[in-house]
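A.B. asks: next come a sequence and a model predicted from it.
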Amino acid sequence: MTDTTDEPRPGMSRRRLLGWTGAGAALAGVGAVAGYSAADTDPPPDPSGGVVPFRDVHQAGIITPAQDRLHFVALDLTTVDRAAIVSLLRRWTTAAERMTAGAEAAPGGAVNRNPEAPPSDTGEALGLPASALTITFGIGGSLLDKLGIPRPPELADLPPFQLDTLDPALSGGDLCLQACANDPQVAVHAVRNLVRTGFGTTSVRWSQLGFGRTSSTSAAQQTHRNLFGFKDGTNNLKAEDTALLEEQVWVPPAQGPAWLTGGTYLVARRIRMHVETWDRTSLAEQESLTGRTKGEGAPIGQAREFDIPNLGPGSPIAEDAHIRLASAQNNGGARILRRGYNFVDGSDGLGHLNAGLFFLAFMQDPRRQFVPMQSQLARNDKMMEYIRHTGSAVFAVPPGLREGAYWGQSLLEG
Ligand SMILES: C=CC1=C(C)c2cc3[nH]c(cc4nc(cc5[nH]c(cc1n2)c(C)c5CCC(=O)O)C(CCC(=O)O)=C4C)c(C)c3C=C
Ligand SMILES: [Fe+2]
């Protein structure tokens, strides 16, 4: 590609902008869309997922149908100069909006500006479609402390939980950026360019790549599997559950603070899964401690994945089964919107995969929802024999942006 000024990358975004012309024939010609012929009037489904709107009531990347890939980064401020922070947040917002539309991070892009200067985009997403990229922005309690802004009580640090083996180098952060896309290169490109833009104002604290979304966040999505081989996300909150989302996920006006109304809180936990030990465990034991069957994902005692678990008297689900301990019934009605990803970060030098679940969950109040749930699990969940929490962070996730607004504006100017 030579002219890269302000154009979206090819893919759904360009086709939407230009209308559907002859591109379908080209796609069908290379067999990308089975069964589609150029004579059809409707475009075939775009396998990349197209463009997710950047500006909406809530930030994208929360109830957006979970994409396949993740690049998550936590950053620390290297300055408390408000003007510098505002300037960065403005530039981040512009770049993020451009990239989610399939464009390069900045006008001029990777190859079309001054040959004597570094390009304004790093270039590895040139020619790739938008791939349903979403970039979700969050604020850590430590940022508010540094700027002398009172923390909402919901943003208190999480208490220590039994068996926690948290690594401070994989925990905390003043800010976070969650990039999700159906192409890993698109997610990595987004984070890399935002991190680069932050140079001088922020530095990377830790980051995590993920694949194979472990949670479905829409009823239309098939349930993926975690690295224990079980369907994960069956009984998740879904985008379609609007009343439950109001009750459990979005911050209501009465809760405060005003800059978070319509936003949410994000709990991130890096959970190492000892897959080698798990793989030596019998199928019956795996199913019993999960509380669901491995193949269908049905609650123990039932036949189909979406059958309601019987947790009442005479239930065949073990007292220490994961789904019983994590259930709303066992946690005063609390539910969470899970949006985690599998990870394999190489091996640990001792012959084991350094693998696990990067657990991400959105909720209205971590103290009412995540804390009791994780306390139960840490104390009683039999699955704890096979897992260890190695990283932890909590972020306030502001609401979506109206036209012209930038990330964090309601906090810094509200
Ligand atoms: C504190 C919250 C949770 C942590 C941490 C957590 C870790 C974790 N979970 C699995 C695998 C499964 N979890 C499942 C269900 C489930 N898990 C949580 C919460 C946490 N999980 C909830 C709220 C639920 C739903 C419970 C219910 O009401 O039914 C399932 C079953 C399928 C599903 O509904 O998603 C699996 C499988 C792992 C492997 C893991 C840590 C590595
Ligand atoms: Fe779980």
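C.D. replies: Looks like it arrived, so ask away. Ligands and ions are numbered 1, 2, ... in the order given.
A.B. asks: and the pLDDT for residue 34?
C.D. replies: Residue 34 carries a pLDDT score of 32 in this model.
A.B. asks: oh, I was asking about residue 414
C.D. replies: pLDDT at residue 414 comes out at 77.
A.B. asks: so what's it up against?
C.D. replies: 258, 259 (CB atoms under 8 Å, 6 or more residues apart in numbering). C-beta here means a position set from N, CA and C on the backbone, and glycine is covered the same way.
A.B. asks: could you measure it against residue 151, distance?
C.D. replies: Using CB to CB, to the nearest Å, residue 414 is found at 15 Å from residue 151.
A.B. asks: what's the answer for residue 247, then?
C.D. replies: Distance from residue 247 to residue 151, by CB to CB: 23 Å.
A.B. asks: go on, residue 352?
C.D. replies: As defined by CB to CB, residue 352 lies at a distance of 38 Å from residue 151.
A.B. asks: kindly report the same for residue 122.
C.D. replies: 35 Å.
A.B. asks: and if you look at residue 201?
C.D. replies: From residue 201 to residue 151 the distance is 21 Å (CB to CB).
A.B. asks: sorry, back to before: neighbour count: residue 247 and residue 151, which is higher?
C.D. replies: residue 151 (17 against 14; other CB atoms under 10 Å).
A.B. asks: so what's the residue in the stretch 51-200 of the chain that ligand 1 sits nearest to up against?
C.D. replies: Closest approach of the stretch 51-200 of the chain to ligand 1 (CB to the nearest ligand atom) occurs at residue 161, with a separation of 9.1 Å. Residues near residue 161 by CB under 8 Å, 6+ apart: 374, 375, 378, 389.
A.B. asks: is it in a helix, a strand, or coil?
C.D. replies: Three-state assignment for residue 161 (DSSP: H, G, I helix; E, B strand; the rest coil): coil.
A.B. asks: do residue 90 as well
C.D. replies: helix.
A.B. asks: so residue 108 is in contact with residue 120, correct?
C.D. replies: Yes - using CB atoms under 8 Å, residue 108 is in contact with residue 120, at 4.6 Å.
A.B. asks: neighbour-wise, which of these two wins?
C.D. replies: Taking other CB under 10 Å, residue 108 and residue 120 do not tie; residue 120 has more neighbours (20 against 17).
A.B. asks: give me the nearest residue to the more buried one, chain neighbours excluded.
C.D. replies: Spatial nearest neighbour of residue 120, excluding adjacent residues (CB to CB, 6 or more residues apart in numbering): residue 106 at 3.8 Å.
A.B. asks: what sits against that neighbour?
C.D. replies: Residue 106 makes contact with 94, 95, 98, 120, 121, according to CB under 8 Å, 6+ apart.
A.B. asks: work out for me the element the fourth one sits within.
C.D. replies: This means residue 120. Using DSSP states H and E, residue 120 sits in no helix or strand.
A.B. asks: gap between the residue of the stretch 51-200 of the chain closest to ligand 1 and residue 321?
C.D. replies: Distance from residue 161 to residue 321, counting by CB to CB: 19 Å.
A.B. asks: repeat for residue 88
C.D. replies: For residue 88 relative to residue 321 (CB to CB), the value is 46 Å.
A.B. asks: the more surrounded of the two?
C.D. replies: A side-by-side neighbour count of residue 88 and residue 321, using other CB under 10 Å, places residue 321 first with 26 against 23.
A.B. asks: which parts of the stretch 251-400 of the chain sit against ligand 1?
C.D. replies: Counting by CB under 6 Å from any ligand atom, the stretch 251-400 of the chain comes close to ligand 1 at 269, 271, 273, 290, 292, 309, 322-323, 326-328, 336, 357, 359, 370, 373-374, 377, 387.
A.B. asks: strands - which of these land there?
C.D. replies: Using DSSP state E to define strands, the subset of those located there is 269, 271, 273, 357, 359, 387.
A.B. asks: pick out the most distant pair among those.
C.D. replies: Pairwise distances across these (CB to CB) peak at 12.0 Å, for the pair 269 and 273.
A.B. asks: neighbour count for those two, which is higher?
C.D. replies: Set residue 269 next to residue 273 and count neighbours by other CB under 10 Å: residue 269 wins out with 25 against 22.
A.B. asks: tell me the contacts of the more buried one?
C.D. replies: So residue 269 contacts 358, 359, 374, 389, 391, 392 (CB under 8 Å, 6+ apart).
A.B. asks: what mean pLDDT would you report for the helix or strand harbouring residue 287?
C.D. replies: Per DSSP H and E, residue 287 falls inside helix 283-290. Helix 283-290 comes out with an average pLDDT of 98.
A.B. asks: run through who's touching it.
C.D. replies: 228-230, 278, 293-294, 300, 318, 320-323, 381-383.
A.B. asks: show me where the chain has strands.
C.D. replies: Using DSSP E, strands in the chain cover 69-77, 134-140, 175-181, 202-211, 264-273, 337-338, 341-347, 353-363, 387-397.
A.B. asks: can you give me the angle the second one makes with strand 264-273?
C.D. replies: Strand 134-140 and strand 264-273 meet at an angle of 100 degrees, taking axes from the mean of the first three to the mean of the last three CA atoms, to 10 degrees as the criterion.
A.B. asks: picking up where we left off before, can I get the ones in strands among the residues of the stretch 251-400 of the chain next to ligand 1 in CSV with pLDDT?
C.D. replies: Shown next, in CSV, are these (pLDDT from 0 to 100):
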residue, pLDDT
269, 98
271, 98
273, 98
357, 98
359, 98
387, 98
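A.B. asks: restricted to helices, list the contacts of residue 161.
C.D. replies: Counted as lying in helices by DSSP state H, out of these, are 374, 375, 378.
A.B. asks: compare the residues you listed and tell me which is most surrounded.
C.D. replies: Among the ones in helices among the contacts of residue 161, the one with the most neighbours (other CB under 10 Å) is residue 374, at 26 neighbours.
A.B. asks: just give the nearest non-adjacent residue to it, would you?
C.D. replies: Spatially, and ignoring its direct neighbours in sequence, residue 374 is nearest to residue 161 (5.4 Å; CB to CB, 6+ apart).
A.B. asks: what do you get for residue 256?
C.D. replies: That would be residue 152: by CB to CB, 6+ apart, it lies 6.8 Å from residue 256.
A.B. asks: is it true that residue 192 touches residue 123?
C.D. replies: No - the pair residue 192 / residue 123 is not scored as a contact, 10.3 Å apart, by CB under 8 Å.
A.B. asks: circling back to that earlier point, in the helix holding residue 287, what's buried?
C.D. replies: Under the neighbour-count criterion of 16 or more other CB atoms under 10 Å, helix 283-290 has 286, 287, 288, 289, 290 buried.
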